[in-house]
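Enquirer: Any chance you can model this:
(one chain, ligands or ions: 1)
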Amino acid sequence: MTANPYLEISGLTKSYGSGDIRTQVLKGIDASISKGEVCVLFGPSGSGKSTFLNLVGGLETVDGGSIVVNGQDITTLSGRDLVEYRRRELGFIFQFYNLVPDLTIRENIEVCRHLAKDPLPVDDLLNSLGLWEQRKKFPNQVSGGQQQRCSIGRALVKNPGLLLCDEPTGALDYKTSKEILALMERVNKRYGCTMVIVTHNDAIKHMSNHILRLRDGVLVEDEMNDSVIPAFEIEW
Ligand SMILES: Nc1ncnc2c1ncn2[C@@H]1O[C@H](COP(=O)(O)OP(=O)(O)OP(=O)(O)O)[C@@H](O)[C@H]1O
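Expert: The predicted structure follows:
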């Protein structure tokens, strides 16, 4: 167990369906993630990675177990409290950017600012994400990598404690993927947010402090990595 965990998961279970077609997707997961860690979650297709992320993100309800985030068991929350948890504590980054096409890059980031009590300054974010020159453009006028930078900005502007990333480089080419990973590394250092990254890309483990691996709904690997390699030096 990690001392002073930021995210502590105990006995987490989840199934879908009912009767004969009931599938047990998560079969009792225990995991502890410290504040500021970059944690990567691997596993074959169908092993339960997205389900895990959705439960931690409060997007789905658990069958059993607890998910304590920053001292609060989110499995006991409902309605407004759950909305408040997602607003206050979480940023989501997905494979597809889901930007609003009619808003500029700057506006796509700004639109989430009012959700937070203590948002980050947008100009500062645009600069640290390398988007200052693109700030007045619309999503279809910038590259895929720049759109992903913008979606990272949208997740970050709320100043979340926890960034949940589902295949953040899945739609990007090799060079752009490395740039985005390097950016996430800088973001983690600069803003101190804890990251959980779901990916199929095994190379990402080298830039992570903590490696989790699911197989068929069971956690089969839970290792700390003491020799983190900067994203730009990783080859795959
Ligand atoms: N809403 C749902 N209803 C029924 N079954 C579901 C639902 N969501 C996920 N599943 C099933 O749960 C299992 C785990 O799915 P999940 O998406 O968590 O896996 P994953 O490891 O993220 O896979 P991938 O790498 O392909 O995205 C799969 O068998 C999937 O079909």
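Enquirer: going forward, measure contacts and count neighbours with C-alpha atoms only.
Expert: Will do.
Enquirer: helix, strand or coil for the residue nearest the centre of the chain?
Expert: Central residue of the chain (Cα atoms, centre = their mean): Leu164, 1.5 Å from the mean position. With DSSP: H, G, I helix; E, B strand; the rest coil as the basis, Leu164 sits in strand.
Enquirer: Number the residues from 14 up from this point.
Expert: With 14 as the first residue, the last one maps to Leu177.
Enquirer: could you say what helices and strands the least confident helix or strand in the chain by mean pLDDT packs with?
Expert: Across the helices and strands of the chain, mean pLDDT, DSSP states H and E gives its lowest value to helix 187-204, namely a mean of 88. If you count contacts as 3 or more Cα pairs under 8 Å, 6 or more residues apart in numbering; DSSP states H and E, helix 187-204 packs onto helix 157-169.
Enquirer: pLDDT averaged over the helix it packs on - what is it?
Expert: In this model, helix 157-169 has a mean pLDDT of 92.
Enquirer: For it, list the C-alpha coordinates in CSV.
Expert: Extracted C-alpha coordinates of helix 157-169, given in CSV (Å, rounded to 0.1, in the frame of the first residue of the first chain):
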residue,chain,number,x,y,z
GLY,A,157,-4.6,16.7,-34.8
GLY,A,158,-1.8,17.2,-32.4
GLN,A,159,-2.9,20.8,-31.8
GLN,A,160,-6.5,19.7,-31.3
GLN,A,161,-5.3,17.2,-28.7
ARG,A,162,-3.2,20.0,-27.0
CYS,A,163,-6.4,22.0,-26.9
SER,A,164,-8.4,19.1,-25.3
ILE,A,165,-5.6,18.8,-22.7
GLY,A,166,-6.0,22.5,-22.1
ARG,A,167,-9.7,22.1,-21.7
ALA,A,168,-9.2,19.3,-19.1
LEU,A,169,-6.5,21.3,-17.3
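Enquirer: which residues touch Lys48?
Expert: 18-20, 205-207 (Cα atoms under 8 Å, 6 or more residues apart in numbering).
Enquirer: Now the phi/psi pair for it, please.
Expert: The phi/psi pair for Lys48 (degrees, to the nearest 10) reads phi -60, psi 130.
Enquirer: got a pLDDT number for it?
Expert: For Lys48, the predicted pLDDT is 94.
Enquirer: Equivalent analysis for the one 10 residues further on, please.
Expert: Turning to Ser58, the model gives it a pLDDT of 93.
Enquirer: now Met14
Expert: 52.
Enquirer: Equivalent analysis for Pro243, please.
Expert: 88.
Enquirer: Now it. Nearest residue, chain neighbours left out?
Expert: Met220 (5.8 Å; Cα to Cα, 6 or more residues apart in numbering).
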